[in-house]
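Engineer: Can you look at this prediction? I've put the sequence above it.
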Number of protein chains: 2
Amino acid sequence: MGQLRTPSAGPPAASRAGRRIYDLLRGQMADGTLPSGARLPSTRALAADLGVSRTTVTAVYEQLAAEGFIATSAGRAARVATQLAPREAPRPIRRARMAPPLSTFGRRVEKMVMSALPAAEPCRIDFLYGAVASRDFPALVWRRAYQAALLRHQQSLYYAPPEGDASLRRALQGYLARARGLGCDAEQIVVVHGSQQAIDLCARVLLDPGDAFVFEDPGYLMARRCFEATGARLLAVPVDGQGLDTARLPQVDSVRLAFVTPSHQFPLGGMLPMGRRQALLHWASQHRAWVIEDDYDGEFRYGQRPIDALQSIDSEGRVIYVGTFSKALSPQLRLGYLVLPPELVPVFRQAKRLTDRHAPVLEQRALASLIDSGAYERHVRRARRENERRRTALLDAIARYLPADARVVGTAAGLHVVLWLPFLKQQDEPALVAAARARGVGVYPVSPLFAGAPPRTRARPAGLILGYASLTVDQIRQGVRTLAAVTAGLQAAAR
Amino acid sequence: MGQLRTPSAGPPAASRAGRRIYDLLRGQMADGTLPSGARLPSTRALAADLGVSRTTVTAVYEQLAAEGFIATSAGRAARVATQLAPREAPRPIRRARMAPPLSTFGRRVEKMVMSALPAAEPCRIDFLYGAVASRDFPALVWRRAYQAALLRHQQSLYYAPPEGDASLRRALQGYLARARGLGCDAEQIVVVHGSQQAIDLCARVLLDPGDAFVFEDPGYLMARRCFEATGARLLAVPVDGQGLDTARLPQVDSVRLAFVTPSHQFPLGGMLPMGRRQALLHWASQHRAWVIEDDYDGEFRYGQRPIDALQSIDSEGRVIYVGTFSKALSPQLRLGYLVLPPELVPVFRQAKRLTDRHAPVLEQRALASLIDSGAYERHVRRARRENERRRTALLDAIARYLPADARVVGTAAGLHVVLWLPFLKQQDEPALVAAARARGVGVYPVSPLFAGAPPRTRARPAGLILGYASLTVDQIRQGVRTLAAVTAGLQAAAR
C-alpha cells in the first residue's frame, strides 16, 4: 500500500503559485491535516487566504480531482477522496521474500555466467576480442549517409516493417551475392540488432525446453547461452583444425539445431571443408535439424578469397545464415541480419515485430546507401589491409618473443588468433591473465569457451584468445613482448 | 545433401583469369568430368594449357584446397576430395513436410494476429495512431548531437554495457524526476529498443506458460501479444472512463503481473485516480504480482500537468515503469527504457545482454546530450503545443461535422482520441473503415483492442481510434468531413 508523496518531490506545476498550493494540499493530505473525506476550503476562500488568483486555485483543484485525490462536483464543496488509503509512515522499498517470482527463463538467465565486460579501467594494450579500432570506422561517410537519411525522412514517421528497410535488404542481397557467393531473395532477409539478436530469435523460435542442440566445443559462449536459456540441452561436438568434427555429430533424434561457424571457427579458426559441409547438411536432413551458420567475420580472410557461405550449397532450406556489421563497422551500431529459408520468413518477421518492432530506420538507410555507393566494400578492403598488417605484426612478434613451442592457430582469417602455451597448464590461465593485466596488457583465456573440462588423460595447455583489431602495430609488438616476459616469469615459477 | 554450385554463380576471384579457372574446375567437379578422387592436372600443365601464369593456377588450387574441394600435398598431384557427395541434378529448395519443427513459442507467434502494418499505398489523410509528423522531429539538433557523439568516439569500439550508456541513464534520471515525479536511481534504468522490447523482456523474465496476467480491456494489442506468446493466460479486466476498474481485479493466485496504462489508458484515455492506484498496488501486494506501468505518452497532457507516475507511490518495489521516445521524437528511433525495482535490475541486465547486447551507442549519446542541454524538454513543449492545436482542430471538426450523438473520449491527453458512433454497430466498423479508405482517409477500428466479444445484451457501438499527431490542422478538418460523409452514407444505408 503506497503512502502519499511528500510535498517537496511534487511535479512541476503550471505556475509557481499553483505548485506551492498543490504541494501544500498534498502535504496536508499526507500528514492527516486533511483526512479522507474532509472538506476543502472553497476556491474563493483559499485564493483570498493565500493571496493568489482564484483561477490558480481552481486549476490546482482540477489537477487534484483529475488525479483522484479530491472529489469535486458543481455547487458542492470539494472533499478529500474517500478511497485514499490511510496515512502510513514513509518506509524504504522492501525487498522481501514476498517479491513476485521470476519465470523459468528469468531464473536461468539470472544465474548465467557470461564473460565479464571489460573493466572500467581499460588496459593500456588490450587484446580484447570483438573490439575494433575507432580510427578504422568510416566516420565521414557514415555521418554523411546518416544525415542524408535524415533529410529523406518521409512526411509521417511510423513503425517500419519488422524485416527491415527494403533499401537495406536489396543492398544486402547484392552484397551477399558479390562477397559471399550467397544467392538469396531480399525477402529472405531480416535485419536485426546484431548477430546476438539473430541467435536469440533462432533460440526462441526453434528450441523448446528439453530439445537438444549441437554446439562447437570450444565455441562462441554468448550463442551457447542463448540456447541454454531456453532450457534446451547442449550436445558439445569437438572441433579440430578444420572446424566441427562432423564424424562425431550425435545421432540423437531430439536434436533441433546445430550452431556452426564454418567460414572461421570461433575461436580456433578452422575453415570447414566442403566434405564436412556436405556431411553436416546430410546429418541435418536425417535428423530434421536446422543449421545456424554464424558468419561473424567472413569479410576478413587473408591471402585467399572469403569462402562461400554454407547456405550457398543448402538445397533443402535448412541453413539460417547470420551476418553482422560488428566487425567491419562497429559493434556499437548493433546491426546484423538473418538470411532465412523461405518457410521461416513469416514466423521470424512476426517474432521480430513482437520483440522490438524493427531496427532503427536512419541507421539502416545510412548503411544501405554505404553499400549501394560502393563505399562499404571500399571500406572493407581498407579495413582488411589494416588488419592484415596487424596480424603480420602479431605473428612476427609471437615468433620473435615467445618460446618456440608457443603455437598460434586460426591465422588465415578473422580478427583474432588463439595462442597455445604448451609449457603452461590450463590452470595457469587466471594467473597469466592477472599478471599481464598488472603490466597493462589485457589477454583473455580460452578455457571458458569449452563446454566441459578436458578428459584427465589429455589436460589442455594454457590458451589465450588474442584479438588485434583495435590495436596499432606498435601496441601489438609491445603487448606481445610484455606477454612473453609474463609468461617466462610464470614458467620459471612453475619449475 | 547439397549439390555443387553452378559455375556461373561463383564468388569474385582474386583475378579475372583466376576466377575463370576456379569456375571451370568447380563446374567439372559438379558435372562429373572430375569425379571424386580424380587427379587434377599439374599447376604447370594447366597454366600452359590455359595460357595463364602458374601463380594464378596455384592460387586457385590453394583456394579449392582451403575450401575442401581438392586435396593437395607437397610433391603429389592434387585430387578431387573423396568425401564430396556424388553429383545430383540441381533442384529448387524443397519446403517439405520434413522441415524441422518450430518451438512452442514459434508456433504461437506464427499464428498470431497482429494489427496490419499500413498499406504500401498510404492514405491521403491517415488518422494512424502511433505516427508522428516528420516536421515535428528536431532534425537539426538531433543531427548535431549525433555528429558530436561520432566525434567523441573512444579509441576502441567494443560492446557497451547492457543497461545502456551511463550518460543517458543519468540524463533520464533527472528528466524523470522533473517531468514525471519519479525519483529513481540511474542504476534502476535499462535502456531498450522502444517500449515493445521493454514489454517483451518483462514477458520473458516474469511469465511462464500457464501463469495468468491482468490486462486492460480494451488495451494495447502489441503488449497483450507479448504476454500471450509466453503461453500465459489472459485475465481481461474492464476499463471505464477512469481506466482499469480495480474493483474487478480477479482474486486468482496464479496471476503474475498486471499491465496498465495509468497516465492515459490506451485506447480509451482515462487517467487512473489515486484511489484506484492504491487499490491496484494493494492487490499486487496480496497476490504477489508485478505491475507494468506503460507510460507511452505521458508527455502529452493538455491543460493539466502530466500526472505523476504510478511507480512514484510504489513502496514495495513491484512497479516496472516503461518509457519511450516513440511519441516525443520518432517511433523509428527505437529508443525506450525501463525503470526497474532494484531487485529486478540484475536479471534484466543479463536478459538484455543475451537478447541483443545493448542499444546503439551513438543514438543513446545523442539523446543524452539533447536531454542534458534542455533541448529535449524545449522540443517536448513545442510538440505539445503543436499537438494541442491538432487536438482542438479534431474536436472542433467532430463537433461541427458529425452527428450530435457521436461521442469522443480520452481527449485530456495523448495523441489520439476514441470516437464512438452510437448510430452504427460494431459490426459496421469494417465497412466504415473501407469506405473511408476508398475516399483517401485512413481510420482504425477499436474492436480489435477488446479481448473478447461484448455480452449479447450490451452490443458495442462502432468505435474508431483517431490518431492526429502526423496530420496538419487542415488535413484533420478535411479528414473529419470525409468521415462524416462516409458515416452518413452508412447510416442511410442501414435505415
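Structural biologist: Everything's here; your move.

Engineer: wait, residue A:360 sits on residue B:363?
Structural biologist: Yes: the pair residue A:360 / residue B:363 is scored as a contact, 6.6 Å apart, by C-beta atoms under 8 Å. All C-beta spots, glycine's among them, are computed from the backbone N, C-alpha and C.

Engineer: which residues are common contacts for those two?
Structural biologist: Taking C-beta atoms under 8 Å, 6 or more residues apart in numbering or on different chains as the criterion, residue A:360 and residue B:363 both touch residue B:333.

Engineer: Would you mark the buried spots in stretch A:341-359?
Structural biologist: Of the residues in stretch A:341-359, A:341, A:344-345, A:347-359 count as buried by neighbour count, 16 or more other C-beta atoms under 10 Å in any protein chain shown.

Engineer: Got phi/psi on the residue in the stretch 201-350 of chain A positioned nearest to chain B?
Structural biologist: Proximity of the stretch 201-350 of chain A to chain B (C-beta to the nearest C-beta) peaks at residue A:273, 2.2 Å away. When read as degrees, to the nearest 10, the backbone of residue A:273 gives phi -80, psi 160.

Engineer: Count residues in the vicinity of it, would you?
Structural biologist: 24 (other C-beta atoms under 10 Å in any protein chain shown).

Engineer: per-residue confidence at the closest residue to it other than its chain neighbours?
Structural biologist: Distances taken as C-beta to C-beta, 6 or more residues apart in numbering or on different chains put residue B:68 closest to residue A:273, at 2.2 Å, once the chain neighbours are dropped. Per-residue pLDDT puts residue B:68 at 81.

Engineer: What of residue A:30?
Structural biologist: 76.

Engineer: And it, which helix or strand is it part of?
Structural biologist: If you go by DSSP states H and E, residue A:30 is part of helix A:16-31.

Engineer: Tell me the first helix or strand C-terminal of that helix.
Structural biologist: helix A:43-50.

Engineer: how distant is that next one from the center of its chain?
Structural biologist: When distances are taken as C-alpha atoms, centre = their mean, to the nearest Å, helix A:43-50 is centred 58 Å away from the chain's centroid.

Engineer: Counting neighbours, which bits of that helix end up buried?
Structural biologist: Buried-residue list, helix A:43-50, by 16+ other C-beta under 10 Å: A:43, A:46, A:47.

Engineer: likewise stretch A:285-299?
Structural biologist: For stretch A:285-299, by 16+ other C-beta under 10 Å, it's A:285, A:287, A:289-299.

Engineer: want to throw the residues you listed into TSV with pLDDT, secondary structure and distance to chain B?
Structural biologist: Output for the buried residues of stretch A:285-299, formatted as TSV (pLDDT from 0 to 100; DSSP: H, G, I helix; E, B strand; the rest coil; distance: C-beta to the nearest C-beta, whole Å):
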residue	pLDDT	secondary structure	distance to chain B
A:285	94	helix	7
A:287	94	helix	8
A:289	96	coil	6
A:290	97	strand	5
A:291	98	strand	9
A:292	98	strand	12
A:293	98	strand	13
A:294	98	strand	15
A:295	96	coil	13
A:296	94	coil	13
A:297	91	coil	15
A:298	84	coil	11
A:299	87	coil	13
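
Engineer: Generate JSON lines for those, with distance to residue A:405 as supplementary columns.
Structural biologist: Shown next, in JSON lines, are the buried residues of stretch A:285-299 (distance: C-beta to C-beta, whole Å):
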{"residue": "A:285", "distance to residue A:405": "43"}
{"residue": "A:287", "distance to residue A:405": "41"}
{"residue": "A:289", "distance to residue A:405": "40"}
{"residue": "A:290", "distance to residue A:405": "41"}
{"residue": "A:291", "distance to residue A:405": "37"}
{"residue": "A:292", "distance to residue A:405": "36"}
{"residue": "A:293", "distance to residue A:405": "34"}
{"residue": "A:294", "distance to residue A:405": "32"}
{"residue": "A:295", "distance to residue A:405": "33"}
{"residue": "A:296", "distance to residue A:405": "30"}
{"residue": "A:297", "distance to residue A:405": "28"}
{"residue": "A:298", "distance to residue A:405": "31"}
{"residue": "A:299", "distance to residue A:405": "32"}
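
Engineer: Name all residues that make contact with residue A:214.
Structural biologist: So residue A:214 contacts A:235, A:237, A:249, A:250, A:255, A:257, A:258, A:259, A:289 (C-beta under 8 Å, 6+ apart).

Engineer: Just confirm it is within a strand.
Structural biologist: Yes: the assignment for residue A:214 is a strand, going by DSSP: H, G, I helix; E, B strand; the rest coil.
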